[in-house]
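Novice: No sequence on hand, only this structure:
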């Protein structure tokens with residue numbers, strides 16, 4: 001399979017239910033926050049051998065990459081709704097079994113946390129596997145103090 005086949009088979013299905021993702025057929029996604037809401041954004045990159053072991057299960061790697069971002073959104077007092085994925089596959093990860101298991105890990109957390117993949121990029125690298133996720137959350141005018149403004153007792 002080539003990059004476009006992987007995207008169509010494993011990652012486009014993760015956009016179901018989010019029309020602004022255009023089923024990953026476009027290089028952009030559309031985010032329209034509900035009236036009176038704000039979009040809160042966070043991004044993290046994880047690199048094999050630095051942030052996780054290369055022998056870790058692909059589904060667990062995917063979930064760790066997503067959850068470090070989910071925790072940032074929660075710490076800001078926001079509710080996650082969508083994310084983008086930039087996946088740079090090393091030589092040992094460029095196979096269908098690995099990518100399918102990685103996508104299943106994302107799908108598991110999408111269902112648990114009510115979020116959708118809305119875009120990103122997939123490429124190959126001679127270096128280690130690298131995963132960058134940018135996550136989007138929503139908050140009202142007063143319900144997202146951010147980590148710096150949080151107080152004891154904040155929900």
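Specialist: That came in fine, so what should we check first? On a predicted model such as this, the values are computed, not experimentally measured, just so you know. Numbers count the residues shown, from 1 in each chain.

Novice: Excluding its own residues, what touches the lowest-mean-pLDDT helix or strand in the chain? List them.
Specialist: Within the chain, no helix or strand scores below helix 3-6, which has a mean of 84 by mean pLDDT, DSSP states H and E. Applying CB atoms under 8 Å, 6 or more residues apart in numbering, the contact partners of helix 3-6 are 96, 99, 122-124. C-beta: built from backbone N, CA, C; applies to glycine.

Novice: Would you check which pair of those lies furthest apart?
Specialist: 96 and 123 (16.7 Å; CB to CB).

Novice: what's the spacing between the residue nearest to residue 86 when sequence neighbours are not counted and residue 83?
Specialist: Nearest residue to residue 86, sequence neighbours excluded (CB to CB, 6 or more residues apart in numbering): residue 132, at 4.0 Å. Remark: distance between residue 132 and residue 83 (CB to CB, to the nearest Å) = 10 Å.

Novice: okay, these two: which has more neighbours?
Specialist: Between residue 132 and residue 83, counting by other CB atoms under 10 Å, residue 83 is the more crowded of the two (29 against 18).

Novice: Cheers, nothing more for now.
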